[in-house]
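S.K.: how would this look folded up:
(chains A and B)
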Amino acid sequence: MRVTEPRVQRTLADVSVGDDLPIMRKNASRAQLFLYSAASFNPHRIHYDRAYAEFEGHPDVLVHGPLQGAWLTQFLTDWCGPKGRLVGVTWQNRASAFPETDLEFHGRVAEVDPATATVELEVWEQTSDGRVIMPGTATVRLPS
Amino acid sequence: MAPDAAVSAPSLIPAETLALVGQRLSEPVTITIDRREAQRYAHAVGDENPLYFDEDAANAAGYRTLLAPPTFVSHAPVPPRSASQLRVDGLYNTGERVRLLVDRMMFGGEEWDFPEPVYVGDVVTAETRLAALDQKDGSKGPFVRVVRETTYTNGEGAVVARARQIGIAR
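M.R.: Take a look at the predicted model:
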């Protein structure tokens, strides 16, 4: 059985400044947080021990900052298609994200450079009520 | 980075820690990018990109073999450690050299460059330096921004990734 589906290839000619990327939605279960802790060899209690997270002043366990970063790279590599390439990304974790909560990844094309076939993007993660919790930037290279 | 002149709180950064800025924080670690570990990571993220799972799809896109998810390379070098080294917060007490007068570490963000792809099977060396350390006054009190920069180099000597990881200690 295939775990994956073939992806559509985007080219530089498909992209214009101001374009919005299709929104990617995530909602992490507690089990997914546990899997990410395991797969990234991260034993930090704030991600699986609610009582400990509360002791540190959080209302619940927290979604890992690097998991949100990995989601951001997924959002970008999905948009690039298989022959596109993510060449740089930055993000700032400004506010906490929680499991069983709808999270959205948004992006907008800020700059297109045909000479280098690169696209600069403004990207951000927000809650479903529009609060930006992780702003960032990205550079991708697309086939011509 | 120069200390922030606006800081009014007492310094949370001991002088010997400040002296580490620019220094290598540990010996370089060399690991092999393992297919199963990389795929476990991709599944944990929920990122089932064919380039990580399907050799034919990777070849069709111009890659010689499967890729690892972009940020997996930062987790692969984590060394095996005894659970007896766990601190109360679950993090390892590794004889951390970046000693501060605060110890609650929050993740502040990351800045990545990916000059070359990271393939499954690549032998990658990770080397981490303390890039910057500065104290700021936040709305919830003073905090220290800790920037560690790790360079990832493959077996051919090419830099495949560079990551600046920003921690907030308060």
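
S.K.: got the contact list for residue A:7?
M.R.: Residue A:7 makes contact with A:78, A:81-82, B:49-50, according to C-beta atoms under 8 Å, 6 or more residues apart in numbering or on different chains. In short, each C-beta sits where N, CA and C put it, glycine included.

S.K.: Does the longest helix anywhere in chain A reach chain B?
M.R.: When chain A is parsed with DSSP state H, its longest helix is helix A:65-80. Yes: under the criterion of C-beta under 8 Å from any C-beta of the partner chain, chain B is reached by helix A:65-80 at A:65-67, A:69-71, A:73-74, A:77-78.

S.K.: ok, so of the residues you listed, who is nearest chain B?
M.R.: Relative to chain B, the closest of the residues of helix A:65-80 next to chain B is residue A:65; by C-beta to the nearest C-beta it sits at 3.1 Å.

S.K.: Now chain B against chain A: closest residue?
M.R.: residue B:107 (3.1 Å).

S.K.: how about that residue, phi and psi?
M.R.: Per-residue torsions, residue B:107: phi -80, psi 120 (degrees, to the nearest 10).

S.K.: for the one 3 residues further on, same thing?
M.R.: Residue B:110 adopts backbone torsions of phi -150, psi 160, taken as degrees, to the nearest 10.

S.K.: Check what pLDDT it gets.
M.R.: With respect to pLDDT, residue B:110 has a value of 97.

S.K.: Residue A:66 now?
M.R.: 94.

S.K.: Now do the contacts for it.
M.R.: Shown in contact with residue A:66 (C-beta under 8 Å, 6+ apart): A:40, A:42, B:71, B:74-75, B:107, B:110.

S.K.: Narrow those to those in strands?
M.R.: Members of those lying in strands (criterion: DSSP state E): B:107, B:110.

S.K.: how far is the longest helix of chain A from where the chain is centred?
M.R.: Its chain's C-alpha centre and that of helix A:65-80 lie 3 Å apart, by C-alpha atoms, centre = their mean, to the nearest Å.

S.K.: any idea which helix or strand comes after it?
M.R.: Using DSSP states H and E, the helix or strand that follows helix A:65-80 in sequence is strand A:85-92.

S.K.: before we move on, the earlier item: from the contacts of residue A:66, which would you call buried?
M.R.: A:40, A:42, B:71, B:74-75, B:107, B:110 (16 or more other C-beta atoms under 10 Å in any protein chain shown).

S.K.: For the nearest residue to residue A:128 once chain neighbours are set aside, give me phi and psi.
M.R.: Spatial nearest neighbour of residue A:128, excluding adjacent residues (C-beta to C-beta, 6 or more residues apart in numbering or on different chains): residue A:102 at 4.1 Å. Main-chain torsions, residue A:102, degrees, to the nearest 10: phi -70, psi 130.

S.K.: just to revisit the earlier point, would you reformat the contacts of residue A:7 as JSON lines and include neighbour count, distance to residue A:36 and pLDDT?
M.R.: Converted to JSON lines, the contacts of residue A:7 look like this (neighbours: other C-beta atoms under 10 Å in any protein chain shown; distance: C-beta to C-beta, whole Å; pLDDT from 0 to 100):
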{"residue": "A:78", "neighbour count": "18", "distance to residue A:36": "18", "pLDDT": "96"}
{"residue": "A:81", "neighbour count": "18", "distance to residue A:36": "25", "pLDDT": "95"}
{"residue": "A:82", "neighbour count": "23", "distance to residue A:36": "24", "pLDDT": "95"}
{"residue": "B:49", "neighbour count": "21", "distance to residue A:36": "16", "pLDDT": "96"}
{"residue": "B:50", "neighbour count": "21", "distance to residue A:36": "21", "pLDDT": "96"}
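
S.K.: And the residue lying closest to residue B:101 once chain neighbours are set aside, what's its pLDDT?
M.R.: Leaving out its chain neighbours, the residue that sits closest to residue B:101 by C-beta to C-beta, 6+ apart is residue B:12, at 4.5 Å. Looking at residue B:12, its pLDDT stands at 93.

S.K.: Please identify the buried residues of stretch A:105-125?
M.R.: For stretch A:105-125, a neighbour-count test (16+ other C-beta under 10 Å) marks A:105-107, A:109-110, A:112, A:117-119, A:121, A:123-125 as buried.
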